[in-house]
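Enquirer: curious how this folds, go ahead:
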Amino acid sequence: MWRGLTVLAVLLGAAGAARADSRYFCSADDKDVRFTLESAFEDGGGHKLIHFRGALMLKDANKSKNFGKRILESKDLTNRWSRDGDLRLEVFTTDGTDAESESLDLAVLAGEHGKASPNFSGTYALRIEGSTSFFVVDGKVSCGTK
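Expert: Numbers count the residues shown, from 1 in each chain. Below you'll find the predicted structure:
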């Protein structure tokens, strides 16, 4: 019986290893902002999102009342694309009271179409906007696959 369970476990492990999901990580650290994003997509049709998380920190916390430091979750990922060497991610979230409500919009565009690589670069654009705040910055981002 143990032999049968061992064989079954090996077969299930091999079946899981045969599926190669795409896992990406991106980061930026410049004079304005530091952030990391990590995402995973199914390799099959539709490239379904499996996982997303991130963290963002503004170097000057006075630029935003709500987004000086922020943990980003799957619910914040509003647009995503991963195909043939291209990676596109957009994070959008809002926070604060009515009088001090702000929105954060972070877009990452990385890779080179048709040239899949384990390490690649791109750009990011960050916009924080509210009734009493406005902050826009863009820069370079480094990405890779796991």
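
Enquirer: and the pLDDT at E102?
Expert: Listed pLDDT for E102 reads 95.

Enquirer: state the distance from the nearest residue to it once chain neighbours are set aside to F67.
Expert: The shortest distance from E102 to any non-neighbouring residue, by CB to CB, 6 or more residues apart in numbering, is to G130 (3.4 Å). C-beta: built from backbone N, CA, C; applies to glycine. G130 is 9 Å from F67, where distance means CB to CB, to the nearest Å.

Enquirer: shared neighbours, those two?
Expert: Shared contacts of G130 and F67, defined by CB atoms under 8 Å, 6 or more residues apart in numbering, are found at E102.

Enquirer: the more surrounded of these two?
Expert: Taking other CB atoms under 10 Å, G130 and F67 do not tie; F67 has more neighbours (25 against 20).

Enquirer: can you pull the contacts of that one?
Expert: Contacts of F67 by CB under 8 Å, 6+ apart are L56, L58, D95, E102, L104, I128.

Enquirer: nearest to S27 among these?
Expert: Using CB to CB, L56 is the member of those that sits closest to S27, with 10.6 Å.

Enquirer: which residues sit in contact with the closest one?
Expert: L56 touches V33, R34, F35, F67, K69, R70, L72, L104, L106, counting by CB under 8 Å, 6+ apart.

Enquirer: tell me where the model's unsure across the protein.
Expert: For the chain, the stretches with pLDDT under 70 are 1-21.

Enquirer: kind regards, and thank you for your time.
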